[in-house]
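> predicted model follows, preceded by the sequence.
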Amino acid sequence: MFSLFYGLWKYTFSKLEFHVLILGIDKAGKTTLLERFKSQYSNLEGLPPDRIVPTVGLNIGRVEVSNTKLVFWDLGGQTYVNQPGLRSIWEKYYEEAHAVIFVVDAASPSRFEDSKSALEKVLRHEDLQGAPLLILANKQDLEGAVSSDELARYLDLKKLDERVYTFQSVSAFDGLGIKESVNWLVDAMERSKRSETLRIRAGSNVV
């Protein structure tokens with residue numbers, strides 16, 4: 001009987017919790033992605049795509065994957081004329097993030113340069129040192145969307161340090177590639193030295 005209750009206690013209280021930033025320029029599909037996470041990994045119904053509006057500030061989503069709790073922070077990516085716009089608030093969340101998901105509209109090549117510039121700025125910030133990076137070539141359901149391999153060649157991240165990263169082709173609209181992306185992300189965070197550093201900083205056995 002003791003072992004049964006101990007097993008239940010361990011399952012309930014030993015779940016890891018990771019904080020994940022969802023970044024990208026405006027209209028990349030970040031909020032649609034968050035709603036897809038909710039509908040696929042929790043009992044919550046995600047908003048249908050036709051009801052999703054551009055994020056002004058922050059959206060938060062919580063889901064559980066196996067024995068892991070994921071808290072997603074979806075931040076707006078709009079800019080204004082000669083101003084950084086909502087991207088200026090991104091860095092306020094860097095220090096506590098275990099990993100970054102960077103979303104790119106793979107069906108809009110004319111905006112790849114803006115995405116590349118925004119991503120390079122994110123990666124240069126010291127508060128994100130060592131954070132695993134998942135780059136999503138989103139909107140694969142649309143005609144003309146480039147693959148993750150094509151996007152990787154364009155963004156050219158060969159000059160990255162020892163950061164763990166990968167590219168994945170996904171569609172937040174129909175769920176293509178979502179499961180594979182989340183599985184990679186959880187595995188990367190569990191293995192990351194940054195996760196251990198944040199756990200120690202928090203002074204707790206729960207990440």
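Right, received. Where do you want to start? Numbering: from 1, shown residues only.

> quick one: distance of stretch 168-175 to the chain centre.
On the basis of Cα atoms, centre = their mean, to the nearest Å, stretch 168-175 is displaced by 13 Å from the centre of the chain it belongs to.

> and the end-to-end length of that stretch?
From its first residue to its last, stretch 168-175 covers 12 Å (Cα to Cα, to the nearest Å).

> buried residues of it, list them for me.
168, 169, 170, 171, 172, 173 (16 or more other Cβ atoms under 10 Å). Backbone N, C-alpha and C define where each C-beta goes, glycine included.

> residue 106: which of these is nearest?
Of all the buried residues of stretch 168-175, residue 106 sits closest to residue 169, with 7.3 Å by Cβ to Cβ.

> still on that earlier bit, need the buried residues of stretch 168-175 in CSV with pLDDT, can you?
Written out in CSV, the entries for those read as follows (pLDDT from 0 to 100):
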residue, pLDDT
168, 98
169, 98
170, 98
171, 97
172, 95
173, 93
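
> can you pull the contacts of residue 66?
Shown here is residue 66, whose contacts under the criterion Cβ atoms under 8 Å, 6 or more residues apart in numbering are residue 186.

> same thing but 7 Å
Residue 66 makes no contacts at all, as judged by Cβ atoms under 7 Å, 6 or more residues apart in numbering.

> with the one 4 residues further on instead?
Residue 70 sits next to 18, 20, 63 when contact means Cβ under 7 Å, 6+ apart.
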